[in-house]
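Chemist: below: sequence and its predicted model.
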Amino acid sequence: MSWRTRLSTVVRAVGSLRKPRETVRGKLMLVVMLSTMSALLIAGAGLLLTEIQNNREAWSQDVSTEAGILALATAPALSFADRQTAVRNLAALDARPSIRAAALYLPNGDLYAHYARPGEIAPAIKLPKLPPGIRIRGDRVELIRPIMQNQEVLGTLYLRAQYDLNERLRAYAGVLASVLLGSLIAALLLTGWLQRVITDPLDAMTRVAQGVVGQRDYSLRVSKTTNDEIGLVVDAFNNMLQEVQLRTRALEESEKLYRAIGESIQYGVWICDAQGRCTYASDSFLRLTGLTQVQCAAFGWVRKLHAEDQESSVKAWQECVRTGADWYREFRILGVDGLYHPILAQGVAILDDKNEITGWAGIHLDISPLKRTEQALREADRRKDEFLATLAHELRNPLAPIRNAVKILGLSNADDRHRRWGREVIARQVQNMALLLDDLLDVSRITRGKLELKKDFVELQAIVELAIETARPLIEARRHHLNTRLPPQPLILEADLLRLSQILSNLLTNAAKYTDAGGEITLIVTQEDGQLIMSVADNGIGLSKESIPKLFAMFSQVQTAEDRAEGGLGIGLGLVKGLVQLHGGSIEARSAGLGRGSEFIVYLPESIIAQKPREIREERGSAVAPDAKQASILVADDNRDGAESLSLMLELSGYKVLRAFSGTEAFDLAAKNRPDALILDIGMPGLTGYEVAHRVRLEAWGKSVVLIALTGWGQEDDKRKAQAAGFDEHLTKPIDPSTLDATLARLLVIHSHPKALERTVPEAG
């Protein structure tokens with residue numbers, strides 16, 4: 001090690017003594033220094049005491065030797081009473097600085113001769129009463145020695161000596177100081193080595209620990225410098241940090257995960273202590289309420305509750321905290337938007353190993369969508385009940401005059417005028433019921449996306465005339481005045497004639513229903529900015545602002561059926577909206593308020609207007625073979641009244657009719673009699689209408705038979721099934737007799753042609 005390194009080590013060691021209690025280096029340095037100094041001081045003190053003791057013995061020996069010599073020298077003087085010689089002998093002590101005074105005493109104790117250095121007290125004139133020998137007090141030594149010659153006491157010698165102990169101590173202290181300094185330097189050098197092997201690693205671990213605590217940086221590590229026990233401690237410390245880092249990362253990931261999960265729950269999670277005080281609430285809840293964590297912890301959330309929920313919710317929470325029961329509560333809480341938000345709070349108690357409650361944890365669920373759905377379901381249920389009540393009303397309306405007409409037709413005193421009136425009432429009311437059922441089927445098809453438009457090139461004038469013709473009975477019955485304004489030039493549209501006229505007829509009918517008798521109805525069709533705009537306005541009961549958004553919902557009515565005799569099912573406007581959207585358009589309602597009339601405006605896209613007018617071909621009815629009415633027809637229906645009434649109508653029209661009331665009976669009769677046409681219900685016992693049709697088509701005689709499905713099942717899927725089973729036509733009940741008659745005539749003519757036999761027969765299976 002170079003002197004610079006040693007010096008640096010010594011400087012670091014000394015520097016660590018500034019605040020020895022704050023660092024391990026300082027403490028270690030202090031321990032080494034104190035231990036070294038204590039050992040040296042104890043050793044020095046021991047050596048000093050030993051040295052003093054040895055010096056005392058040396059003093060005693062020296063004084064005793066001096067006294068012996070002096071006793072031998074002065075014995076003759078005492079023996080011969082030679083005082084001068086005795087004085088000279090004592091004066092010779094001047095050469096011994098340590099001897100401060102001396103005296104010779106006669107056997108009787110009188111002073112005979114003495115010596116004293118300048119400044120010293122002369123010996124006493126009488127022999128001091130001290131025992132023979134040496135007496136030491138501090139640095140003063142006194143000696144009493146008898147002078148003997150031939151067993152005779154000649155006198156007594158007294159010596160007083162002074163030993164310079166301070167000089168001895170100073171010399172010794174100098175030596176001890178030198179030793180201490182050298183030892184301290186050696187200790188400092190030793191401490192430097194200890195620092196390298198012990199305190200430096202400890203300091204490094206301390207710095208790393210401070211970095212972990214202050215910066216939360218668990219990636220810090222201590223450099224290993226030795227392979228001894230300290231190196232093992234460093235390895236253990238680094239391994240601990242590695243484990244802590246891994247666990248911290250896992251905890252951070254878990255915290256992020258649970259925080260994300262908590263925040264994904266609207267409105268997050270909450271935690272309370274054992275006394276029910278909130279200690280944490282998710283940010284989403286705080287953002288909703290505008291509270292801080294501190295305010296929430298201070299039961300600020302209670303103040304955000306709806307006034308009707310506060311007292312009951314607080315009591316329920318206190319009871320929950322007292323009993324440890326699960327928390328499940330709905331309440332309304334005030335948001336920063338000024339609105340009350342419905343929340344479902346759920347929570348459970350957190351238990352320790354002793355099954356004691358240490359806190360609570362739970363979630364806040366935003367149940368606004370649930371409440372809206374619940375409200376919507378209640379509204380839908382209410383509308384459903386109203387719809388069923390209205391449907392019953394609408395079905396009873398035509399049944400009442402039908403029953404009355406049947407009763408009149410059965411009276412014996414009814415004349416031809418009465419019977420004609422009864423037949424007209426029945427036909428008219430049956431037609432109303434058929435239209436009602438058609439509307440219901442159309443709504444179902446639109447809802448399920450099954451309604452398909454049959455587009456063709458049609459004149460706008462024809463659409464309007466058909467719509468007016470459909471709505472005319474109600475308009476005339478209420479004595480309304482209808483105004484129409486159409487574009488001056490003819491317009492050809494590429495659209496579904498039936499559905500467009502249905503849109504206008506429903507709007508006209510709606511206007512007629514909700515306008516008092518003698519009202520004004522205006523139908524206007526214009527072409528603006530490429531769009532075709534059709535509006536129907538009236539001066540009827542009008543609409544409130546609140547009712548307009550609900551107008552086009554299915555089964556929605558401005559007023560109940562009890563308010564208006566012609567209230568309807570509430571599906572007309574919903575059906576209109578669906579048909580308009582199928583044509584790519586939109587519809588809106590306007591009203592200046594209740595009692596101020598209303599207006600419905602239909603916007604159809606530019607694409608509906610044909611770019612080049614085309615010739616509109618007129619439908620020509622199929623020629624009826626002269627002998628069509630001579631054909632034989634089998635009618636099969638498990639409803640006896642339906643089968644018999646239809647058979648009677650066909651017989652009166654000139655057909656030969658067979659009746660069957662089950663599928664099995666229908667097939668047996670057909671196989672035996674081989675009729676020209678079969679009109680089959682679908683839902684029959686034994687064999688269904690589909691099965692009868694399939695079996696008939698497998699027979700050689702059945703390949704040219706006319707098969708018509710007449711059923712209450714009128715969905716598109718039902719029609720496809722009928723076609724797959726081999727039916728020529730699918731008709732829904734109730735059928736207009738003239739429509740059935742025309743269909744029969746057309747199909748019988750087609751099947752009488754030789755090419756009619758060229759059909760594909762469905763395979764069995």
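Modeler: Perfect, thanks for sending it. Keep in mind it's a predicted model, so treat the numbers as computed, not measured.
Chemist: any idea how far residue 605 is from the closest residue to residue 661 other than its chain neighbours?
Modeler: Leaving aside its chain neighbours, residue 661 sits nearest to residue 638 (5.6 Å; criterion: CB to CB, 6 or more residues apart in numbering). For the C-beta atoms, the positions are set from N, CA and C on the backbone; glycine is no exception. Going from residue 638 to residue 605 by CB to CB, to the nearest Å gives 48 Å.
Chemist: and these two? Which one has more around it.
Modeler: residue 638 (17 against 13; other CB atoms under 10 Å).
Chemist: list phi and psi for that one.
Modeler: Per-residue torsions, residue 638: phi -70, psi -10 (degrees, to the nearest 10).
Chemist: ok, now which ones touch it?
Modeler: 661-662, 681, 683-685 (CB atoms under 8 Å, 6 or more residues apart in numbering).
Chemist: roughly how far does it sit from residue 680?
Modeler: Taken as CB to CB, the spacing of residue 638 relative to residue 680 amounts to 11 Å.
Chemist: do residue 381 as well
Modeler: 39 Å.
Chemist: compare these two (neighbour count), which wins?
Modeler: Applying other CB under 10 Å to residue 381 and residue 680 shows that residue 680 carries more neighbours, namely 30 against 10.
Chemist: coming back round to it: what pLDDT does the residue nearest to residue 661 get?
Modeler: Looking at residue 638, its pLDDT is 89.
Chemist: ok, the nearest residue to residue 125 once chain neighbours are set aside - contacts?
Modeler: In this structure, residue 125 finds its nearest non-sequential neighbour in residue 111, 4.6 Å apart by CB to CB, 6+ apart. Taking CB under 8 Å, 6+ apart as the criterion, residue 111 is in contact with 103-105, 123-127.
Chemist: what pairs with the helix or strand harbouring residue 111, and is each one parallel or antiparallel?
Modeler: Element membership for residue 111, per DSSP states H and E: strand 111-116. Next to strand 111-116 in the sheet, as set by DSSP bridges, lie strand 99-105 (antiparallel).
Chemist: now do the partner strand, average pLDDT.
Modeler: Rounded mean pLDDT across strand 99-105 is 88.
Chemist: and the contacts of it?
Modeler: 63, 66, 70, 74, 78, 86, 90, 93, 111-117, 120-124, 126-127, 147, 155-162.
Chemist: whichever of those end up buried, select them in PyMOL.
Modeler: In PyMOL, the members of these classed as buried (16 or more other CB atoms under 10 Å) are selected with the following command:
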select buried, resi 63+66+70+74+78+86+90+93+111+112+113+114+115+116+117+123+127+147+155+156+157+158+159+160+161+162
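Chemist: hang on, the earlier thing: report pLDDT for the residue nearest to residue 125.
Modeler: Note on residue 111: pLDDT of 89.
Chemist: and the strands in the stretch 51-200 of the chain, which stretches?
Modeler: Here the stretch 51-200 of the chain has its strands, by DSSP state E, counting those that start in this stretch, at 99-105, 111-116, 133-137, 140-149, 152-162.
Chemist: let's have these in a markdown table, adding distance to residue 644.
Modeler: Output for the strands of the stretch 51-200 of the chain, formatted as a markdown table (distance: least, CB to CB, whole Å):
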| stretch | distance to residue 644 |
| --- | --- |
| strand 99-105 | 171 |
| strand 111-116 | 178 |
| strand 133-137 | 162 |
| strand 140-149 | 165 |
| strand 152-162 | 167 |
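Chemist: nearest to residue 353 among those strands would be which one?
Modeler: Of all the strands of the stretch 51-200 of the chain, strand 133-137 sits nearest to residue 353, with 78.4 Å by CB to CB.
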